[in-house]
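J.: this one's sequence-less:
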């Protein structure tokens, strides 16, 4: 890891409480980070790009929020395996004229979330970007050996469940597009202050409740298709059962389309065998059954008794705008 | 790991021989990759950005060469710890109008090198880039527990050594700047076809020869400064001893400046206790003693008997141009 922007790295280093974690043998400051994964555990690794104008806009998102959201994506992937996050790596490229205060506030949002989950920043890379802020976030985690909850292990007959409420993040984006100045971050918490569901993922794994799992980053219709593709099964869900987020001021419920196709809620979508008793709440978060895994490969959706084909129409960020 | 560019991921997947490696429990296709690190081994992780116009130019570098060079950076970091590479992750953002053939050829160079070292591509992310090609390469490796060779463990009195010859990559860049069309890749192998020194790093670790190590990515003067900083020592090197690369046609030796400050040779710089007998060649590659670690924190260079202060003046890519 060369350090072309030493000043930036120095600032990042200073921002990190020198956490003395037994498994972090060597963090920032060598060619590689050196980690000691717990005995009888598998290693998890996920990488996620966050690009300006693709995943966020400087005019719409405070730097702290950009920092928090880009780390949420990686932590949410660890949650979706039932894993524990162990270390974070940040590759950050910034344009020449970006104010230092933007970077400082970005790092604050990023590190505040890291601290919430007690995960150290253990390395990364920095560079000067030719256009816009580019962040690639890598999260390394662990899970007891052979216990990772995969996308590919759903079986026909399993129930389909989601955590929390859906569509809140997409609804925020819709309002941002129309009148960015009128959006108060506190009225759209799932967009501006997403919380990765690490503890729920771990609970589902420890209690052996989930037969397969994915996080809702691309949108329910697309992420359910990922489970169906990888497990070679189909699914039938009931639109009336999908828990819709309430957002805005005055408060209202998001559209069924936002809940079905909107991305970046970072809730969990999982399946469970019929014989399992899945609680209605886990750690204070609502758990909702929305349908069933089926034989064959088709996805269908039922609304008021009428069945139709469900196509993945999930999230493509700002694609419609650009 | 969302897949916003499914077509690209599908192409990347196709390019991968479905390697059934015992330690790769789950590769591309889930929220995280799942790996089983060998027992009693520590985990190594490194991330390196490769950005168009910063680390390469499309007009100067064939896509295969860009692919090879960006992976070399990561593998070389694993070599510098004495480690074994286990899995590679590629986050790749490409501009809308990039020809598909460029991506295919980039992936060919990338995967050819991965295959040389038998390391599978186990995941990553893709996105549309607002400007230029952006790659973030993550390499995960392992090393027997507690045996990683760090930068911070050089001691006064240790000898300083380098592998191979230095300055060849910088010399290529100098010629590319002047007359890019006249540069034949075969005349500058260290720039166009770098080889990470994985086997030599492992040899030095297995034989317990190296007291500290770093790879030469930023240039000898800068990378030696990294060892001195992290180990809280100084160094004295002899300019006449630095092995200079021979490049070009007709063949000539690079300047002392290129060998001293030029980056991206991806050779290894290591220190060894005086009592160790360091071979003159390891696995066919020349090993050259160039000086000694000293007390105090100063770096000095001796030339024809005259001693002067050595400042880190290493690599900053195309900074002088942009």
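T.: Good, I have the coordinates. All values reported here derive from a predicted model rather than from experimental measurement.
J.: and the helices in chain A?
T.: A:6-14, A:63-79, A:100-116, A:168-178, A:189-192, A:198-206, A:220-231, A:256-261 (DSSP state H).
J.: pLDDT on the third one, on average?
T.: Think helix A:100-116. Confidence for helix A:100-116, expressed as mean pLDDT, is 95.
J.: by how many degrees do that helix and helix A:198-206 diverge?
T.: 30 degrees (axes from the mean of the first three to the mean of the last three CA atoms, to 10 degrees).
J.: list the buried ones in helix A:100-116?
T.: Neighbour-count burial for helix A:100-116, counted by 16 or more other CB atoms under 10 Å in any protein chain shown, picks out A:102, A:103, A:105, A:106, A:107, A:109, A:110, A:111, A:113, A:114. The C-beta positions use only the backbone N, C-alpha and C, and glycine is treated the same way.
J.: report the distance from it to the chain centre.
T.: Centroid separation for helix A:100-116 versus its chain: 18 Å, with CA atoms, centre = their mean, to the nearest Å.
J.: touching chain B at all, it?
T.: No - looking at helix A:100-116 against chain B by CB under 8 Å from any CB of the partner chain, there are no contacts, and the closest approach is 15.2 Å.
J.: what is that helix packed up against?
T.: Contact here means 3 or more CB pairs under 8 Å, 6 or more residues apart in numbering or on different chains; DSSP states H and E; on that basis helix A:100-116 packs against helix A:6-14, helix A:63-79, strand A:84-94, strand A:121-128.
J.: could you give the angle of the second one to strand B:121-128?
T.: Think helix A:63-79. Here helix A:63-79 runs at an angle of 150 degrees relative to strand B:121-128 (the same axes, to 10 degrees).
J.: pick the most deeply packed of the helices and strands packed on helix A:100-116.
T.: Comparing those by mean neighbour count (mean count of other CB atoms under 10 Å in any protein chain shown), helix A:63-79 ranks first with a mean of 26.
J.: ok so, going back, in JSON lines: the helices and strands packed on helix A:100-116, plus distance to chain B and mean pLDDT.
T.: Below are the helices and strands packed on helix A:100-116 laid out as JSON lines (distance: least, CB to the nearest CB, whole Å; pLDDT from 0 to 100):
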{"stretch": "helix A:6-14", "distance to chain B": "10", "mean pLDDT": "58"}
{"stretch": "helix A:63-79", "distance to chain B": "4", "mean pLDDT": "96"}
{"stretch": "strand A:84-94", "distance to chain B": "5", "mean pLDDT": "94"}
{"stretch": "strand A:121-128", "distance to chain B": "5", "mean pLDDT": "89"}
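J.: hang on, the earlier thing: looking at the helices of chain A, which is closest to residue A:297?
T.: If you check each of those against residue A:297 by CB to CB, helix A:220-231 wins as the nearest, at 6.6 Å.
J.: elements contacting that closest one?
T.: Under the contact rule (3+ CB pairs under 8 Å, 6+ apart), helix A:220-231 is packed against strand A:212-215, strand A:234-238, helix A:256-261, strand A:268-272, strand A:299-303.
J.: check the gap between residue A:70 and residue B:152 for me.
T.: As judged by CB to CB, to the nearest Å, residue A:70 and residue B:152 stand 30 Å apart.
J.: kindly report the same for residue A:242.
T.: Distance of residue A:242 to residue B:152, computed by CB to CB: 54 Å.
J.: can the helices of chain A go into TSV with extra columns for distance to residue B:89?
T.: Shown next, in TSV, are the helices of chain A (distance: least, CB to CB, whole Å):
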stretch	distance to residue B:89
helix A:6-14	21
helix A:63-79	12
helix A:100-116	20
helix A:168-178	26
helix A:189-192	27
helix A:198-206	21
helix A:220-231	19
helix A:256-261	28
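J.: looking at those helices, which is nearest to residue A:137?
T.: With CB to CB as the criterion, residue A:137 lies closest to helix A:63-79 of the helices of chain A, at 4.6 Å.
J.: helices or strands next to that closest one in the packing?
T.: By 3+ CB pairs under 8 Å, 6+ apart, helix A:63-79 packs against strand A:41-51, strand A:84-94, helix A:100-116, strand A:134-144, helix A:198-206, strand A:212-215.
J.: quick one, the third one and strand A:134-144 angle?
T.: Note on geometry: by the same axes, to 10 degrees, helix A:100-116 and strand A:134-144 are set 10 degrees apart in direction.
J.: cool, the first one as well?
T.: Orientation note: strand A:41-51 sits at an angle of 160 degrees relative to strand A:134-144 (the same axes, to 10 degrees).
J.: now do the contacts for residue A:200.
T.: By CB atoms under 8 Å, 6 or more residues apart in numbering or on different chains, the contact list for residue A:200 reads A:79, A:163, A:268, A:282, A:283, A:285.
J.: look up how far residue B:307 lies from it.
T.: 64 Å.
J.: equivalent analysis for residue A:21, please.
T.: Distance from residue A:21 to residue B:307, by CB to CB: 43 Å.
J.: neighbour count for the two, which is higher?
T.: Taking other CB atoms under 10 Å in any protein chain shown, residue A:21 and residue B:307 do not tie; residue A:21 has more neighbours (15 against 11).
J.: now that one. Nearest residue, chain neighbours left out?
T.: Of all residues not flanking residue A:21 in the chain, residue A:120 sits nearest, at 6.0 Å (CB to CB, 6 or more residues apart in numbering or on different chains).
J.: the one you found contacts residue A:27, doesn't it?
T.: Yes - assessed by CB atoms under 8 Å, residue A:120 is found in contact with residue A:27 at 6.3 Å.
J.: what about the residue nearest to residue A:21, how many neighbours?
T.: Using other CB under 10 Å, residue A:120 has 24 neighbouring residues.
J.: can you check residue A:280 too?
T.: Neighbour count for residue A:280, taken as other CB under 10 Å: 8.
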